[in-house]
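A.B. asks: Turn this into a structure:
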Amino acid sequence: MPVVTVLPHPEYCPQGVQINAQPGASICETLLENGITIEHACEMSCACSTCHVIVRQGYASLASPEEEEEDLLDQAWGLTPQSRLSCQAIVGREDLIVEIPRYTINHAKEKNA
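C.D. replies: Numbers count the residues shown, from 1 in each chain. You can find the predicted model right below:
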């Protein structure tokens, strides 16, 4: 089972965490299922860039992004060559190290009650 390591993020994951991930699940699903409430304003439909992550290790193990994802990534804050929309990046068999950028383009955020 691959491990997704999430680097420390002051809001979502202050200490960082390692998660056993299911191959075939998206990075976004993996994070959400493990209590990391990453933004995903379009409900994982590849219609925004709020779930942007930077894959610091294991990027090559992911399928190449589709053109639609690449177009949306152009709107992401802090874009890097290893950037992906976490809703579109599917976990394979290799471990990943993921960084959640400090900011998103989302100006409003719903808080869970």
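A.B. asks: residue contacts, the residue nearest in space to the middle of the chain?
C.D. replies: Centroid-nearest residue in the chain: Ser86, 3.1 Å away (criterion: Cα atoms, centre = their mean). Residues near Ser86 by Cβ atoms under 8 Å, 6 or more residues apart in numbering: 26-28, 31, 38, 40, 51-53, 98. From N, CA and C alone the C-beta is placed, and that goes for glycine too.
A.B. asks: now swap in Leu7 and tell me
C.D. replies: 13, 16, 56, 97-100.
A.B. asks: With Ile19 instead?
C.D. replies: Residues in contact with Ile19 (Cβ under 8 Å, 6+ apart) are 3-6, 30-31, 34.
A.B. asks: Greatest separation within these: which pair is it?
C.D. replies: Using Cβ to Cβ, the contacts of Ile19 span at most 13.1 Å, a distance reached by Val3 and Leu31.
A.B. asks: more crowded one of those two?
C.D. replies: The neighbour comparison of Val3 against Leu31 (other Cβ atoms under 10 Å) goes to Leu31, with 26 against 14.
A.B. asks: name the element Asp71 belongs to?
C.D. replies: Taking DSSP states H and E as the definition, one finds Asp71 inside helix 67-73.
A.B. asks: next one: the helix or strand following that helix to chain centre, how far?
C.D. replies: The helix or strand immediately downstream of helix 67-73 is strand 83-85, counting by DSSP H and E. Mean C-alpha position of strand 83-85 versus that of the full chain (Cα atoms, centre = their mean, to the nearest Å) differs by 7 Å.
A.B. asks: again with stretch 35-52
C.D. replies: That offset, for stretch 35-52, works out to 8 Å (Cα atoms, centre = their mean).
A.B. asks: So for that stretch, what gets flagged as buried?
C.D. replies: 36, 38-41, 44, 46, 48-52 (16 or more other Cβ atoms under 10 Å).
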